[in-house]
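**Student:** return a 3D structure for these sequence lines:
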Amino acid sequence: FTQISVEGSNTYLAGPSSLGIIFDPKSGDVTGPFDMGIDNARGAHGMTFIPSLEGTNSGQVLIFGGMRRLRMDTKRAFPFVLGNDKTDVLNDVVLFDVDTLTFTDLSDVSDEKMTAKRAFPQGALMSDGTLIITGGGGWPEESSPAYKQVEVFDPLKEGGPGFLSISSFEGEVARAGHTM
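**Tutor:** Residues are numbered from 1 along each chain as shown. Model (predicted):
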């Protein structure tokens, strides 16, 4: 987030970024910035690198969930408040192609979105190339069953990258801001 805004008695982190960069830890080189467009600007999102099957350094980065703005309550020990600000939480996904340096909003090309809107979600790459996405709930106020759901993204899904249809696959507790 790049701005702070005040609306009445509420303070928000706002101005989510639509820019991305590539950092090469071996060389120390930074490439970019690359702009995914203002409609895809976000903060509090998850990102996971999905390597290509050829075993090279190429691949895609899945950018998922996040928020347009985040309400703050500085009187609380944990100042982030998701609460009822659900309109600012996102369920869309964007793919960044490392080879072409382009972004693709999957909801624009195939209507692919996560089941739940998620802030601070986490993703883990599985050995078969699928990506497990968990968490992103409205903590600490809410423990909605939707945030127990685990979503599976398949970059090689027939018909194009997207989410697999699964049922009865959920975690024990709703979570956000966790690690995997």
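
**Student:** can you list contacts of stretch 45-54?
**Tutor:** Stretch 45-54 has contacts (CB atoms under 8 Å, 6 or more residues apart in numbering) with 57-67, 90, 118-125, 129, 131, 133, 136, 155. No exception for glycine: its C-beta is placed from N, CA and C like everyone else's.

**Student:** give me the buried subset of those.
**Tutor:** 59-67, 90, 118-123, 125, 131, 133, 136, 155 (16 or more other CB atoms under 10 Å).

**Student:** mark which of the contacts of stretch 45-54 are part of strands, please.
**Tutor:** With DSSP state E as the criterion, strands contain 59-64, 122-125, 131, 133 from among these.

**Student:** can you pick out the most distant pair from those residues?
**Tutor:** Farthest pair in those (CB to CB) is 59 and 122. Separation: 18.8 Å.

**Student:** name whatever forms a beta bridge with the residue nearest the centre of the chain.
**Tutor:** With the centre of the chain defined as its mean C-alpha position, the nearest residue by CA atoms, centre = their mean is residue 64, 2.5 Å away. Residue 64 has these beta-bridge partners by DSSP bridges: residue 46, residue 93.

**Student:** distance of residue 112 from residue 92?
**Tutor:** Residue 112 sits 8 Å away from residue 92 when distances are taken as CB to CB, to the nearest Å.

**Student:** overlap in contacts of these two?
**Tutor:** residue 106.

**Student:** so which residues of the protein form strands?
**Tutor:** 3-7, 10-14, 19-23, 30-35, 46-51, 59-64, 70-72, 80-81, 93-97, 102-105, 122-125, 131-134, 151-154, 162-163.
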